[in-house]
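Engineer: no sequence for this one, just the structure:
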DNA sequence: TAATCGAAGACCCTATAGGATCTACGAATT
DNA sequence: AATTCGTAGATCCTATAGGGTCTTCGATTA
């Protein structure tokens, strides 16, 4: 009823499949759906109290994000966690795209953007660092917002698509999710360096600082992976 | 019946939605579905002689490729053609991703890859240059194959996703589709330069030659756009 | 003649039904 | 006791039905 009510209440007509999509996305990001577990279409339909049809459509859209994988005639399952090698590949890909985003965004940055970036850093600083999902979420959200702001202000829809294709939102979360936030102090300092470059309007410097940041994330993530294994 | 037969003949059970997806993709790439025209779910179901359900699923998947756009409660339509500005943005994005692909692919290239690249160039050279779709398709396919080989052999699933997100296959086709193949001689020469770098195992050179190639494509495309408008 | 109204069709969206396949589990047999 | 068989349930996939909205087009009216 939870979803259905909002729709059938009829104040503003909406598409049920969109609600299901958002619901599934939230469940995946909150960790309610763990990596590797199957996602039954019929089962999810019962759980959300809708018919299988919109669930099927939502999952079809979700597949392109890499959050779920589909096997023909066998259904969907939550994508597995990354191996250390895949993690390194992800960072290499970010090293290709995000410095370019930083350069372009800085090339035509306005005070509004720098203010929003500063706010994202401030939110990062003040976010709780607890290991629980609910606490961690604020931290992750601020980190994601910083990078996404830059990607969006690069003002190139294709680069933004490429950034999205990396699973910028999700994959990063799922990686950090299992670990503690050992990253925080470093990330805040490195983000601040990038912000400085933006404030100075030095696009080339912004590119370099972004490279340094992601190199740092890569090294720290590899270290954490080794510790865990 | 065309599609249905293959499925219900039951030799190997298949998913109808996958067939519909392939069928729609082919129709989009052949130009049978022109830019901007609406794609009715029910109508397409009648045309392909299936129910609307698999069509709906296929379109949901297709949306992530950028080939079709969806408006809630109003259905799908074929994505509009590019403006010159969007074309420039696309080339800028390619300039970010494809040189990196070339560098990485060249870093661990094997004779098999260089042979396949050489074959792609040879196919490019021998392809007909006629203005009709069917003739042009062979040329475009060889061009696409060259770039995709490099992207796939960069051996990084995330960079490959990013490359795919550019609509590497499709967007490029849709751009060239309306124009003559004024590009051919230049493209063959530039591809050959890239191949030489691969044969020499010089990754840095491969990166540079890829940059030169895409810069060339960008300039020529802008020139063509001006001529046409 | 121009404008308005209404009916019919197209279309999107969701629910439901039913067929096919796979899995799980218990009973019967060796 | 182990194995085989069969049945019940779960699941995926597709078709069909029906509700709601929008557009179109013709008829009626001012």
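Structural biologist: Sure thing, it's come through. Everything numeric here is computed off the predicted structure, so don't read it as measured data.
Engineer: For the rest of this, base every contact and every neighbour count on C-alpha atoms.
Structural biologist: Will do.
Engineer: interface residues of chain A facing DNA strand D?
Structural biologist: Counting by CA under 7 Å from any atom of the strand, the positions of chain A adjacent to DNA strand D are A:39, A:40, A:41, A:42, A:43, A:53, A:71, A:72, A:73, A:74, A:75, A:76.
Engineer: same thing but at 10 Å, please
Structural biologist: Residues of chain A found near DNA strand D (CA under 10 Å from any atom of the strand) are A:8, A:10-14, A:38-46, A:51-53, A:55-57, A:59-60, A:70-77.
Engineer: Filter the residues you listed down to the buried ones.
Structural biologist: Burial by neighbour count, judged by 16 or more other CA atoms under 10 Å in any protein chain shown, picks out A:38-41, A:44-45, A:51-53, A:55-57, A:59-60, A:70, A:76-77 from those.
Engineer: in chain A, what residue is nearest chain B?
Structural biologist: As assessed by CA to the nearest CA, chain B sits closest to residue A:162 within chain A, at 4.3 Å.
Engineer: domain assignment for chain A?
Structural biologist: Here chain A is described, according to automatic domain parsing, as comprising the domains A:2-78, A:84-228.
Engineer: could you dump those domains to TSV with mean pLDDT and distance to residue B:135?
Structural biologist: Formatted as TSV, the domains of chain A follow (pLDDT from 0 to 100; distance: least, CA to CA, whole Å):
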stretch	mean pLDDT	distance to residue B:135
domain A:2-78	87	32
domain A:84-228	88	29
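Engineer: how about the strands in chain A?
Structural biologist: Taking DSSP state E as the test, the strands found in chain A are A:38-39, A:68-71, A:75-78.
Engineer: Which one of these lies nearest to residue A:118?
Structural biologist: strand A:68-71 (33.7 Å; CA to CA).
Engineer: Direction included, what does the closest one pair up with?
Structural biologist: Strand pairing for strand A:68-71, using DSSP bridges, gives strand A:75-78 (antiparallel).
Engineer: what's in contact with the partner strand?
Structural biologist: With contact meaning CA atoms under 8 Å, 6 or more residues apart in numbering or on different chains, strand A:75-78 is reached by A:33-41, A:59, A:67-70.
Engineer: does DNA strand C sit close to that strand?
Structural biologist: No - against DNA strand C, strand A:75-78 shows no contacts by CA under 10 Å from any atom of the strand, the least distance being 10.9 Å.
Engineer: I'd like the strands of chain A written out as CSV, with distance to residue B:214 added.
Structural biologist: What follows is those, written out as CSV (distance: least, CA to CA, whole Å):
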stretch, distance to residue B:214
strand A:38-39, 42
strand A:68-71, 33
strand A:75-78, 37
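Engineer: between these, which gets nearest to residue A:96?
Structural biologist: With CA to CA as the criterion, residue A:96 lies closest to strand A:68-71 of those, at 24.8 Å.
Engineer: how distant is that closest one from the center of its chain?
Structural biologist: Remark: strand A:68-71 is offset 19 Å from the chain centroid, using CA atoms, centre = their mean, to the nearest Å.
Engineer: Ok, stretch A:142-156 next?
Structural biologist: Relative to its parent chain, stretch A:142-156 has a centroid offset of 11 Å by CA atoms, centre = their mean.
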